[in-house]
Structure formats: C-alpha cells, structure tokens
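# please find the sequence and the predicted model below.
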Amino acid sequence: MDTKLLDILACPICKSSLIYQAQAQELICKADALAFQIRDGIPVMLEPEARTLSQDELDALHS
C-alpha cells in the first residue's frame with residue numbers, strides 16, 4: 001500500500017486516521033471498530049462492505 005495514499009485516507013464514517021494491516025490487507029478504524037478490505041490494491045471504503053472488529057482484535061490494537 002502506498003504510504004502517500006495512507007496519509008490522505010480517512011475513515012468514511014468518522015474521518016479518523018486508519019491503521020494499515022499488511023498481512024490481512026485491511027485498513028482499520030479503531031474509533032468505529034471496523035476493518036475495510038483492500039482488494040487488488042484498492043481500498044473498499046464502503047460501510048456495508050466493512051468487517052466489524054471483535055473485542056480481542058481491538059484489544060490487540062491497543063497493546
């Protein structure tokens with residue numbers, strides 16, 4: 001994922017910054033507990049397409 005693109009992307013819901021998870025190919029919004037998938041190098045920034053993070057996943061992000 002291009003770091004310049006990461007700098008300008010924000011959560012489409014709350015506008016907070018996103019965390020890039022390279023292994024899972026997802027962009028994470030901690031504020032909304034959502035993971036946006038990256039398909040073929042393109043972030044899918046649609047709320048209905050987002051995956052809800054479990055409490056365990058959120059806890060791992062905070063540690």
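Nice, I can see it. Quick caveat, the model's predicted, so the values are computed rather than measured. Numbers count the residues shown, from 1 in each chain.

# which residues are in contact with the longest strand along the chain?
With secondary structure taken from DSSP state E, the chain has its longest strand at strand 34-39. The contact list for strand 34-39 (C-beta atoms under 8 Å, 6 or more residues apart in numbering) reads 1, 11, 13, 18, 21, 24-29, 43-47, 49-53, 57. All C-beta atoms are positioned from the backbone trio N, CA, C, and that covers glycine.

# out of those residues, which are buried?
Among the contacts of strand 34-39, those classed as buried by 16 or more other C-beta atoms under 10 Å are 11, 18, 26-29, 43, 45, 50, 53, 57.

# downstream of the longest strand of the chain, the next helix or strand is which one?
strand 42-43 (DSSP states H and E).

# what about that following strand, distance to the chain center?
Distance of strand 42-43 from the chain centroid (C-alpha atoms, centre = their mean, to the nearest Å) equals 10 Å.

# cool, stretch 15-25 as well?
With C-alpha atoms, centre = their mean, you get 4 Å for stretch 15-25.

# show residues contacting it.
1, 6, 9-11, 26-32, 35-39, 61.

# was I right to think residue 61 contacts residue 31?
No: taking C-beta atoms under 8 Å as the definition, residue 61 is not a contact partner of residue 31, at 11.0 Å.

# just to revisit the earlier point, the longest strand of the chain - what's its average pLDDT?
Per-region confidence: strand 34-39 scores 96 on mean pLDDT.

# direction included, what does it pair against?
If you go by DSSP bridges, strand 34-39 pairs up with strand 26-29 (antiparallel), strand 42-43 (antiparallel), strand 51-52 (antiparallel).
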